[in-house]
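> Task: produce atomic coordinates for the following.
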Amino acid sequence: MQDAAFQEAAINYQNTVLQAAAEVESALYGFLKAQEQLAYLTESAESVRQSLDLSTIQYKEGETDFLRVDIAAANLAQQQDSQATVEGRVASNLIGAYKALGGGWELRLGREFIPEATIKEMRSRTNWGHILAARTTRPRRIWDSSGPKTRTRRILPADGGRARSRAGGCE
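You can find the predicted model right below:
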């Protein structure tokens, strides 16, 4: 009976991992394709803007009627609308990729990823060695609603914190 339960748990775990990998792949593909589409739309919008400028110059010099300027302005507005839509899709797919990878966009400034009570309980049950040792901070780039920011993230030093413990806790 335990063997059947173990096999079921293993199959459920495998399916969960495969589904998570598919979600990550889908989100990253969507992000990259949206960025590619945004590059084309940006170039297209610039061409339409040049067309509008040229039509405006021709109208001011009396070489064409205002309808051509109006059509060029409407085309520019449509291109800019498409560009804004795809910019939103780029951001949405990036958020989807972060979500599929397990989050990471929440700000936890000054707080550990694992709550202190859980760390204490884990230490009392198991010798985790340097995994739960004191950590140092290192800056990293993150994104929030106003764009990229530099924040500090708590990570272990390359030696697992052993050098600091040998030095008596001095940094």
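
> who's in contact with Q35?
Under the criterion of Cβ atoms under 8 Å, 6 or more residues apart in numbering, the contact list for Q35 reads V90. Using the backbone N, CA and C atoms, a C-beta is placed for each residue, glycine as well.

> what mean pLDDT would you report for the helix or strand encompassing F6?
Assigned by DSSP states H and E, F6 belongs to helix 2-60. For helix 2-60, the mean per-residue pLDDT is 92.

> Could you identify the helix or strand that succeeds it?
Helix 2-60 is succeeded, C-terminally, by helix 66-100 (DSSP H and E).

> What are the buried residues along that next one?
Within helix 66-100, the residues scored as buried using 16 or more other Cβ atoms under 10 Å are 68-69, 72-73, 75-76, 79, 83, 86, 89-90, 93-94, 96-98, 100.

> just stretch 13-31 next, same as before
V24, A27, L28, G30, F31.

> Check whether the last one really touches V90, as I assumed.
Yes - at 6.5 Å, F31 and V90 qualify as touching, with contact defined as Cβ atoms under 8 Å.

> in what helix or strand does I119 lie?
Counting by DSSP H and E, I119 is part of helix 116-125.

> Using CSV, list the CA coordinates for that helix.
Provided in CSV are the C-alpha atoms of helix 116-125 (Å, rounded to 0.1, in the frame of the first residue of the first chain):
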residue,chain,number,x,y,z
GLU,A,116,12.7,33.1,11.6
ALA,A,117,10.4,30.7,13.5
THR,A,118,10.7,28.1,10.7
ILE,A,119,14.5,28.5,10.7
LYS,A,120,14.6,27.9,14.4
GLU,A,121,12.5,24.8,14.1
MET,A,122,14.6,23.5,11.2
ARG,A,123,17.8,24.1,13.2
SER,A,124,16.4,22.2,16.2
ARG,A,125,15.4,19.2,14.1
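
> looking only at pLDDT, what's the mean for that helix?
Average pLDDT, helix 116-125: 81.

> just checking, what packs against that helix?
Using 3 or more Cβ pairs under 8 Å, 6 or more residues apart in numbering; DSSP states H and E, no helix or strand is in contact with helix 116-125.
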